[in-house]
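Student: I would like to see how this sequence folds:
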Amino acid sequence: MHVFEELQERGLLAQLTDEQEIKELVNGGGATFYIGFDPTADSLHVGHFMALCLMKRLQMAGNKPIALVGGGTGMIGDPTGRSDLRQVMTVETIEHNCDCFRRQMSRFIEFGDGDHQDGTNKAIMVNNADWLLNLNYMEFIRDIGPCFSVNNMLRAECYKQRMEKGLTFLEFNYMLLQSYDFLMLYEKYGCQMQFGGDDQWSNMLGGTELIRKKLGKDAYAMTITLLLNCEGKKMGKTAKGAVWLDPDKTTPYDFYQYWRNVDDADVMKCLKMLTFLPIEEIREVEKWEDSRINEKKEILARELTTLVHGEEEAKKAEAGAKALFAGGGNAADVPSVTLSDADFGEDGTIGLLSLLVKAGLTPSNSEARRAVEQGGVVFGEDKVTDVKAVYTRDAFAGDGVILRRGKKNFKRVQVN
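Tutor: Numbers count the residues shown, from 1 in each chain. Below is the predicted model of the structure:
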């Protein structure tokens, strides 16, 4: 099966400008394509997963990826899907975030030495700050502005939410700048395709039209399906926030647990869209009885944790989960938190609410209080219902104690 047909079967394709041309290019390994990433944090997250997997699949088929980081557009911020104005970042912060992105992307795609003309399909990372930050505004608006209709721009989905609360002229420039990126990548690197999330369709069409108007050349755009759960909400969010690819932000265990606990209705979709299991194997798994749903979830969690964090971390996360849920495995693999002397008060104790926050099981004392009052907190083997409960260092002696919130959130609490 060719890569385009596999993308179709996995349910990844959403909108395409020229299906036959795109199909021939990617199946023949002749595409140089780019996907943009806004460096709004120092880690990629599950929301980027689809794009990273697409880059990997296309590179495996011989196509050449360009990872475009928005060091320039990041100074403005993409209004897509936003009801508020994004915070403007410093140049230093953007550069740091871009460096972090490349390290994480290297787990998915193979980067070259920076020479795009090396005859291989190795990926390169490009920062649009290289051409955007030194633009002469008068020359840019005179050269690029006439190619865009304000009427058409105002109909674009990416602006609708912001229009309700007030779209700034700063944000209104974003479509022109993203389109200009495509033009620059076409001229500098022969990049004839842009891929991205389905919510970027209007911006991507702007780029193909700009290339046609300025160069008289054909360029193509394709969007991939957004990763939504069975309720239509974007996946990758928990009560504690985003599910990050950086192990310091989301531990491999918590990452594993996120996928292990997805809704039953989302398991097969995630196996198809995100894993690199052969499609034939996925078809067989799809035939399993409903009683084997937990096996499906374990496969999903193991495959994705291996992809992001490596096989060793995936095995440790799985062992830790089994130690808690099934009574097997190695309990030492359960993620832990270590208390210091400073965590204990002058009387040598730490309160239960503070302990839950310190362990990362609740984001605040009020959430911790609610969890206790609802009977969802277990300290060791004992359910705790007293919000004023306190513990001394002796309670965590030896290998520590397992602190639980609900059925799916655990931490081993130790003292140094």
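
Student: only C-alpha atoms from now on, for both contacts and neighbour counts.
Tutor: Noted.

Student: in the stretch 201-350 of the chain, which spans are helices?
Tutor: Applying DSSP state H, counting those that start in this stretch to the stretch 201-350 of the chain gives helices spanning 201-215, 252-260, 267-274, 279-286, 293-309, 311-325.

Student: using TSV, lay out those together with mean pLDDT and mean neighbour count.
Tutor: Listed next are these as TSV, based on pLDDT from 0 to 100; neighbours: other CA atoms under 10 Å:
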stretch	mean pLDDT	mean neighbour count
helix 201-215	91	20
helix 252-260	88	23
helix 267-274	94	21
helix 279-286	94	13
helix 293-309	94	20
helix 311-325	82	19
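
Student: of the ones you listed, which approaches residue 13 most closely?
Tutor: helix 267-274 (10.1 Å; CA to CA).

Student: tilt between the closest one and helix 279-286?
Tutor: 170 degrees (axes from the mean of the first three to the mean of the last three CA atoms, to 10 degrees).

Student: and helix 267-274, what does it pack against?
Tutor: For helix 267-274, the packing partners by 3 or more CA pairs under 8 Å, 6 or more residues apart in numbering; DSSP states H and E come out as helix 49-60, helix 279-286, helix 293-309.

Student: in CSV: the ones you listed, plus distance to residue 156.
Tutor: Compiled in CSV, the helices and strands packed on helix 267-274 are given as follows (distance: least, CA to CA, whole Å):
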stretch, distance to residue 156
helix 49-60, 22
helix 279-286, 35
helix 293-309, 34
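
Student: thinking again about what came up before, would you reformat the helices of the stretch 201-350 of the chain as CSV and include distance to residue 70?
Tutor: Compiled in CSV, these are given as follows (distance: least, CA to CA, whole Å):
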stretch, distance to residue 70
helix 201-215, 14
helix 252-260, 26
helix 267-274, 24
helix 279-286, 34
helix 293-309, 23
helix 311-325, 31
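
Student: what's the closest of those to residue 17?
Tutor: In terms of CA to CA, the element of the helices of the stretch 201-350 of the chain nearest to residue 17 is helix 201-215, at 8.1 Å.

Student: can you list contacts of that closest one?
Tutor: With contacts defined as CA atoms under 8 Å, 6 or more residues apart in numbering, helix 201-215 is touched by 15, 144, 147-148, 156-158, 175-176, 178-183, 186, 194, 217-223.

Student: relative to residue 66, which of the helices of the stretch 201-350 of the chain is closest?
Tutor: Residue 66 lies closest to helix 201-215 among the helices of the stretch 201-350 of the chain, at 15.3 Å (CA to CA).

Student: buried ones in stretch 91-102, by neighbour count?
Tutor: Within stretch 91-102, the residues scored as buried using 16 or more other CA atoms under 10 Å are 94-95, 97-98, 100-102.

Student: repeat for stretch 137-152
Tutor: So stretch 137-152, judged by 16+ other CA under 10 Å, has buried residues 144, 147.

Student: quick check: chain neighbours aside, which residue is closest to residue 286?
Tutor: residue 268 (6.8 Å; CA to CA, 6 or more residues apart in numbering).

Student: my read: the one you found touches residue 284, true?
Tutor: No - between residue 268 and residue 284 there is no contact under CA atoms under 8 Å: 11.0 Å.

Student: if I pick the residue nearest to residue 286, what's in contact with it?
Tutor: Residue 268 neighbours (CA under 8 Å, 6+ apart): 282, 286, 296.

Student: in CSV: the residues you listed, plus distance to residue 167.
Tutor: Converted to CSV, the contacts of residue 268 look like this (distance: CA to CA, whole Å):
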residue, distance to residue 167
282, 44
286, 45
296, 44
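
Student: average pLDDT across stretch 14-34?
Tutor: Across stretch 14-34, pLDDT averages out at 94.

Student: and what of stretch 217-225?
Tutor: Averaging pLDDT along stretch 217-225 gives 94.

Student: now do that stretch: distance to the chain's middle.
Tutor: 21 Å (CA atoms, centre = their mean, to the nearest Å).

Student: I'd like to know which of the helices and strands packed on helix 267-274 lies nearest to residue 125.
Tutor: helix 49-60 (12.4 Å).

Student: got the buried residues for the closest one?
Tutor: Under the neighbour-count criterion of 16+ other CA under 10 Å, helix 49-60 has 49-59 buried.

Student: and which of the residues you listed is nearest residue 402?
Tutor: Among these, residue 49 lies closest to residue 402 (CA to CA), at 31.4 Å.

Student: please look at the closest one and residue 273 and confirm they touch.
Tutor: No - taking contact to mean CA under 8 Å, the distance of 9.6 Å between residue 49 and residue 273 leaves them out of contact.

Student: mind listing what the nearest residue in space to residue 305 that is not next to it in sequence touches?
Tutor: Closest residue to residue 305 apart from its sequence neighbours, by CA to CA, 6+ apart: residue 314 at 5.2 Å. Applying CA under 8 Å, 6+ apart, we find residue 314 in contact with 252-253, 256, 302, 305-306.

Student: residue 67 too?
Tutor: Residue 67 touches 34-37, 123-126, counting by CA under 8 Å, 6+ apart.

Student: give the ChimeraX command for selecting the buried subset of the contacts of helix 201-215.
Tutor: Selection command for ChimeraX covering only the buried members of the contacts of helix 201-215, criterion 16+ other CA under 10 Å:
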select :15,144,147,157,158,175,176,178,179,180,181,182,183,186,194,219,220,221,222,223
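
Student: give me the subset of the contacts of helix 201-215 lying in strands.
Tutor: Counting by DSSP state E, those place 15, 194, 220-223 in strands.
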